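Student: dropping the sequence and predicted coords here.
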Amino acid sequence: MGSKLAILGGEPAVTVSTREKWRRPIEEEKKLIWELLEKGKISGSGEGLPLEFEEEFKEFVGCEYCLTVDHGSTALASAYYAVGVGPGDEVITPAAGYIGSYAGALHMGARPVFCEIDPKTLLMDPEDVERRITHRTRVINPIHMSGKVCDMDALMDIGRRYGIAIVEDAAHAAGCEWGGKKIGNIGDITCFSLQGVNPTGKPVAGGEGGVVCTNNREFYERMLAYCHLHRAGVTDELRSPAYRGLDAEVLGLKYRAHPIALAIALVSLKTLPYRTEKAIENREKLFRGLRDIPGVEPVHSYPKAKWHGLYGGWQVIYHPEELGGLSPEKFKAALRAEGVPIRGHGWASGHLGEHLRTIFTRGFDLWGHGRGPLDTRHGFMGLPPFKPYKKGDFPITEDLAKRVITIPPYIEPEEGLIEQFIEAFRKVAENYKELL
Ligand SMILES: Cc1ncc(COP(=O)(O)O)c(C=O)c1O
């Protein structure tokens with residue numbers, strides 16, 4: 001490799017294949033699916049393979065209760081119901097987030113209140129969360145983006161001091177840990193997504209699906225009652241006086257997972273420890289190599305966090321001031337030309353932040369007739385009329401959205417690939433003047 005930048009006609013730094021080599025054990029998936037088909041067990045929950053998945057997931061996480069649902073976003077909706085979110089409440093969620101994270105609360109009549117991220121970890125900033133608490137705040141919603149784990153000690157402390165529930169969005173974070181404990185075992189309720197297939201899908205993936213974990217019996221029973229119509233044994237499980245005596249149709253919603261999706265997810269769960277360890281090993285190698293290169297700062301993680309980035313990848317923060325003001329666009333284009341398959345920031349695609357979605361910049365009449373938490377003309381259930389967000393409201397998030405670079409995660413990269421990625425960053429950083 002010469003030193004001439006590939007974007008200027010030189011040889012690219014990356015010459016080996018950038019394909020992930022690891023393949024999921026598809027024969028095991030086929031076997032489980034075939035058994036379900038032969039037995040005709042392709043519907044239902046609370047028994048058979050769906051129950052087996054919940055038992056395995058529960059054991060893996062180490063929590064007391066676990067339920068599967070049809071999506072990560074419905075996992076979150078059922079969690080919001082469980083902790084008592086209702087019309088006029090507020091839910092604090094990061095602007096560097098995702099609509100599926102808070103949509104369940106919005107549809108229950110709650111208003112999402114955005115907060116900033118910590119510029120080093122790119123995760124919900126606990127100090128900013130605390131500033132945004134009002135008497136209407138019902139939930140704090142940490143999102144473990146890319147499996148990077150939020151500061152759970154600080155957030156749990158805030159939650160306990162103010163009596164606010166912590167509903168974690170761990171859509172990307174199955175297998176990640178905080179202080180040696182698996183995610184799913186810390187906040188009041190933790191929600192996972194099973195969307196996609198490995199290696200590109202969620203860490204535990206089965207096409208579509210979701211999981212909730214909790215150690216709180218009351219929350220567990222509320223989630224059961226909310227959306228587990230006709231689950232085997234549901235009426236026996238509802239022991240609290242408030243829900244005992246409900247019939248098997250409970251509250252009428254059926255958001256259960258498809259058994260075929262859970263068969264795929266069960267196989268995925270078994271390979272997660274291997275994928276986690278390999279992803280961490282490769283990320284550490286990459287980050288070690290990038291650490292002394294000017295212009296790039298590998299994302300930080302809290303000392304108690306163990307994270308893989310299996311979904312959402314590995315972030316580095318670009319500092320244009322260290323490379324003569326070279327724009328992030330030019331820096332990224334030069335890296336891509338060198339053969340590094342980078343993407344931008346890991347939060348909502350196409351936006352600098354969630355607050356800049358149209359429903360938040362214009363407001364939205366959610367239920368018609370000027371009703372709902374985003375109506376700009378009328379107050380709603382004690383909430384003042386919605387004040388639309390605008391560009392500039394979240395300067396940290398918006399600035400980082402332009403400067404964060406995501407490198408895809410690898411479980412089994414081609415021999416030498418990580419080293420070539422490091423070389424590509426070094427080459428662009430050393431020759432930046434040619435791009436000014
Ligand atoms: C951060 C985050 N939260 C929630 C979800 C929702 O999960 P699902 O797509 O399974 O509904 C996703 C899905 O991509 C996500 O990335």
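Tutor: Cool, the structure landed.

Student: which stretches in this structure count as strands?
Tutor: 65-69, 90-94, 111-115, 137-140, 165-169, 177-178, 181-182, 189-193, 210-214, 296-298, 305-306, 314-318, 404-407 (DSSP state E).

Student: near the ligand, which residues of the stretch 51-200 of the chain show up?
Tutor: Residues of the stretch 51-200 of the chain lying near the ligand by C-beta under 6 Å from any ligand atom: His71, Gly72, Ser73, Tyr98, Gly100, Ser101, Ile143, Asp169, Ala171, His172, Ser193, Gln195. Using the backbone N, CA and C atoms, a C-beta is placed for each residue, glycine as well.

Student: so of the residues you listed, which two are at opposite extremes in space?
Tutor: Farthest pair in these (C-beta to C-beta) is His71 and Ile143. Separation: 15.7 Å.

Student: follow-up on the earlier one: now, the residues of the stretch 51-200 of the chain next to the ligand that are in helices?
Tutor: Per DSSP state H, helices hold the following members of those: Gly72, Ser73, Gly100, Ser101.

Student: count of residues packed around the residue in the stretch 51-200 of the chain positioned nearest to the ligand?
Tutor: Going by C-beta to the nearest ligand atom, the ligand is nearest to Gly72 of the stretch 51-200 of the chain, at 2.5 Å. For Gly72, the neighbour count with other C-beta atoms under 10 Å is 26.

Student: quick one: contacts for it?
Tutor: By C-beta atoms under 8 Å, 6 or more residues apart in numbering, the contact set of Gly72 is Gly100, Asp169, Ala171, Cys191, Phe192, Ser193, Leu194, Gln195, Lys202, Gly209, Gly210.

Student: please name whichever of the strands of the chain is nearest to Lys4.
Tutor: That would be strand 296-298 among the strands of the chain, by C-beta to C-beta, at 20.5 Å.

Student: average model confidence for that closest one?
Tutor: Over the span of strand 296-298, the pLDDT mean works out to 98.

Student: so which residues make contact with it?
Tutor: Where contact means C-beta under 8 Å, 6+ apart, the residues beyond strand 296-298 that reach it are 286-287, 290-291, 314-319, 405, 425, 429.

Student: on that earlier part again, the more surrounded of His71 and Ile143?
Tutor: Ile143 (26 against 20).

Student: which positions are bridged to the closest residue to that one other than its chain neighbours in the beta structure?
Tutor: Spatial nearest neighbour of Ile143, excluding adjacent residues (C-beta to C-beta, 6 or more residues apart in numbering): Asp169 at 4.2 Å. Taking DSSP bridges as the rule, Asp169 bridges to Ile143, Cys191.

Student: contacting residues around Asp169?
Tutor: Asp169 makes contact with Gly72, Leu76, Gly97, Tyr98, Ser101, Asn141, Pro142, Ile143, His144, Cys191 under the criterion C-beta under 8 Å, 6+ apart.

Student: among the contacts of strand 296-298, which ones are buried?
Tutor: The neighbour count (16 or more other C-beta atoms under 10 Å) marks Leu286, Phe287, Leu290, Trp314, Gln315, Val316, Ile317, Tyr318, Ile405, Phe425, Ala429 as buried among the contacts of strand 296-298.

Student: any figure for the gap between the spatially closest residue to Glu56 that is not a sequence neighbour and Pro413?
Tutor: Closest residue in space to Glu56, ignoring its immediate chain neighbours: Leu269 at 5.9 Å, by C-beta to C-beta, 6+ apart. As judged by C-beta to C-beta, to the nearest Å, Leu269 and Pro413 stand 23 Å apart.

Student: buried ones in the longest helix along the chain?
Tutor: Scanning the chain for the helix with the most residues, using DSSP H, yields helix 259-290. Using 16+ other C-beta under 10 Å as the test for burial, helix 259-290 gives 259-269, 271-272, 275-276, 278-280, 282-283, 285-287, 289-290.

Student: how about stretch 297-312?
Tutor: 297-302, 305-312.

Student: from Tyr410, how far out is Ala82?
Tutor: Noted for Ala82: a distance of 37 Å to Tyr410, by C-beta to C-beta.

Student: do Gly104 as well
Tutor: Gly104 is 33 Å from Tyr410, where distance means C-beta to C-beta.

Student: follow-up on the earlier one: could I get the contacts of strand 296-298 as JSON lines with pLDDT and distance to Glu27?
Tutor: Below are the contacts of strand 296-298 laid out as JSON lines (pLDDT from 0 to 100; distance: C-beta to C-beta, whole Å):
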{"residue": "Leu286", "pLDDT": "98", "distance to Glu27": "31"}
{"residue": "Phe287", "pLDDT": "98", "distance to Glu27": "35"}
{"residue": "Leu290", "pLDDT": "98", "distance to Glu27": "38"}
{"residue": "Arg291", "pLDDT": "96", "distance to Glu27": "41"}
{"residue": "Trp314", "pLDDT": "98", "distance to Glu27": "30"}
{"residue": "Gln315", "pLDDT": "97", "distance to Glu27": "34"}
{"residue": "Val316", "pLDDT": "98", "distance to Glu27": "37"}
{"residue": "Ile317", "pLDDT": "98", "distance to Glu27": "41"}
{"residue": "Tyr318", "pLDDT": "98", "distance to Glu27": "42"}
{"residue": "His319", "pLDDT": "98", "distance to Glu27": "47"}
{"residue": "Ile405", "pLDDT": "97", "distance to Glu27": "37"}
{"residue": "Phe425", "pLDDT": "98", "distance to Glu27": "38"}
{"residue": "Ala429", "pLDDT": "98", "distance to Glu27": "44"}
